[in-house]
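1. prediction below, plus the sequence it came from.
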Amino acid sequence: MAVTSPTKIVVIGSGLMGSALARAFAVAGHEVAVWNRTPGKAKNVGGGTLAFENLIEAVSGRELVVVSLSNYAACSELFSSEGVSSALAGKTLVQLTSGSPADAREALTWATANGVDYLDAAILAYPSFVATDYATVFYAGSRSVFDRHLETLQAIAKNSVYVDEKIGSAATLDCAILGSYYGSSLALLHAAAMCKAEGLDPKTFFSHKNSFLGLISVTADAAQGMIDRNDFSGDQCSLNTHVAAIEHIVRLSRDASISARFPNELLDNYKRAISAGLGGQELPAVFRTLMQD
């Protein structure tokens, strides 16, 4: 269903994600301009969008400026071009470029100095997931600015989540989730390699995915409370016991002549916690040593 009050939007960046964002806004009934450093890419976005070759012209008359570039450095270079910052004054800039909390803080400093309302955002989705139930976008910055544009922003993700006024909070949450994702993905791929090397069909391992996903869920719930209380005592399974189990994984990896780097890294981190005197506490006690340099 088309929106009753279309927003004039410009999407800067016409890569896979930028193009998906622009088309989603247009399908929802908004007036969408697109710009890319390579004009041909902007013209290929289609979907009812209007391509511009001149950035200042693309921004002119637009209320919402959505940025999806390769990195914040590219954005900074672009916005330092003559006349661009003046053209953006009084508008709302939504930064959907992937970056760190430090990038977000620098961007807010620039936006504030140039009279631009700023929301830093992180999208947790592949381009093909944009505007579907699988897309989530985290936002940080002024709550009033977020609320003002929420209806429009839901065109790209109904699950548009306001995280915090701290401008780096969306990037922090994004990195935390992705860190868990990439770490877990490497762990399960190493697990499959162990099975393959020992002559066990990896399908057998994957068929039991609920076993380790359940353990991760239980640990996450326990860790949340322990970190909040700063108390990692318990009677379930000590770090000493966990370390003994990891040592078996390292040995299997070496015996099977597959990479032992990943389990060795695990072992080093857990042994560090034991060296800190935490061996008798529960697994989440490793958090204490991770908070140290």
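-> On my side now, so go ahead.
2. those strands in this protein, which residues are they?
-> In order along the chain, the chain carries the following strands (DSSP state E): 8-12, 31-35, 50-52, 64-67, 92-95, 117-124, 136-141, 159-164.
3. the first one: how far from the chain's middle?
-> The one in question is strand 8-12. Put simply, strand 8-12 sits 22 Å off its chain's centre (Cα atoms, centre = their mean, to the nearest Å).
4. which strands or helices does it pack on?
-> The contact analysis (3 or more Cβ pairs under 8 Å, 6 or more residues apart in numbering; DSSP states H and E) places strand 8-12 against helix 16-27, strand 31-35, helix 55-59, strand 64-67. Any C-beta I mention is one placed from the backbone N, CA and C, and that applies to glycine too.
5. phi and psi next, for residue 199.
-> Dihedral angles phi and psi of residue 199 (degrees, to the nearest 10) take the values phi 80, psi 10.
6. distance-wise, check it relative to residue 256.
-> 10 Å (Cβ to Cβ, to the nearest Å).
7. show me which of those two is the more surrounded one.
-> Neighbours per residue, other Cβ atoms under 10 Å: of residue 199 and residue 256, the larger number sits with residue 256, 16 against 7.
8. the chain: helices as residue ranges?
-> Taking DSSP state H as the criterion, the chain contains helices spanning 16-27, 39-43, 55-59, 72-79, 84-88, 101-113, 143-153, 169-197, 202-206, 209-229, 239-255, 261-273, 286-290.
9. and the second one, what does it pack against?
-> Under the contact criterion of 3+ Cβ pairs under 8 Å, 6+ apart, the helices and strands touching helix 39-43 comprise strand 50-52.
10. each with direction, which strands does the strand it packs on pair with?
-> Sheet neighbours of strand 50-52, with direction, are listed as strand 31-35 (parallel) (DSSP bridges).
11. from what I can see residue 212 touches residue 188, true?
-> Yes: here residue 212 reaches residue 188: they are 7.5 Å apart, a contact under Cβ atoms under 8 Å.
12. roughly how far does the spatially closest residue to residue 50 that is not a sequence neighbour sit from residue 18?
-> Using Cβ to Cβ, 6 or more residues apart in numbering and skipping residues adjacent in sequence, the residue nearest residue 50 is residue 33, 5.0 Å away. From residue 33 across to residue 18, the span is 12 Å (Cβ to Cβ).
13. neighbour count: the two, which is higher?
-> Under the neighbour definition other Cβ under 10 Å, residue 33 and residue 18 were set side by side, and residue 18 has more, 25 against 22.
14. domain-wise, how is this structure divided?
-> Taking automatic domain parsing as the reference, the chain has its domains at 8-171, 208-290.
15. export those domains to CSV and tack on distance to residue 183 and mean pLDDT?
-> As requested, those are arranged in CSV below (distance: least, Cβ to Cβ, whole Å; pLDDT from 0 to 100):
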stretch, distance to residue 183, mean pLDDT
domain 8-171, 16, 97
domain 208-290, 9, 96
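16. closest to the centroid, which residue in the protein?
-> Against the mean C-alpha coordinate of the chain, by Cα atoms, centre = their mean, the closest residue is residue 174 at 3.0 Å.
17. which residues touch that residue?
-> Contacts for residue 174 (Cβ atoms under 8 Å, 6 or more residues apart in numbering) come out as 98, 122, 124, 138.
18. burial count for the third one?
-> The number of residues packed around residue 124, counting by other Cβ under 10 Å, is 18.
19. for it, name its beta-bridge partners.
-> Note on residue 124: beta-bridge partners by DSSP bridges are residue 136.
20. residues contacting residue 118?
-> For residue 118, the contacting residues are 92-93, 95, 107-108, 111-112, 141-142, 145, 167, by Cβ under 8 Å, 6+ apart.
21. closest one of those to residue 178?
-> Within the set of the contacts of residue 118, residue 95 lies nearest residue 178; the separation is 17.0 Å, counting by Cβ to Cβ.
22. residues near that closest one, how many?
-> Number of residues near residue 95 (other Cβ under 10 Å) recorded here: 30.
23. also residue 258?
-> Neighbour count of residue 258, defined by other Cβ under 10 Å: 17.
24. hmm, it is touching residue 197, no?
-> Yes: the criterion here is Cβ under 8 Å, and residue 258 meets it with residue 197 at 5.0 Å.
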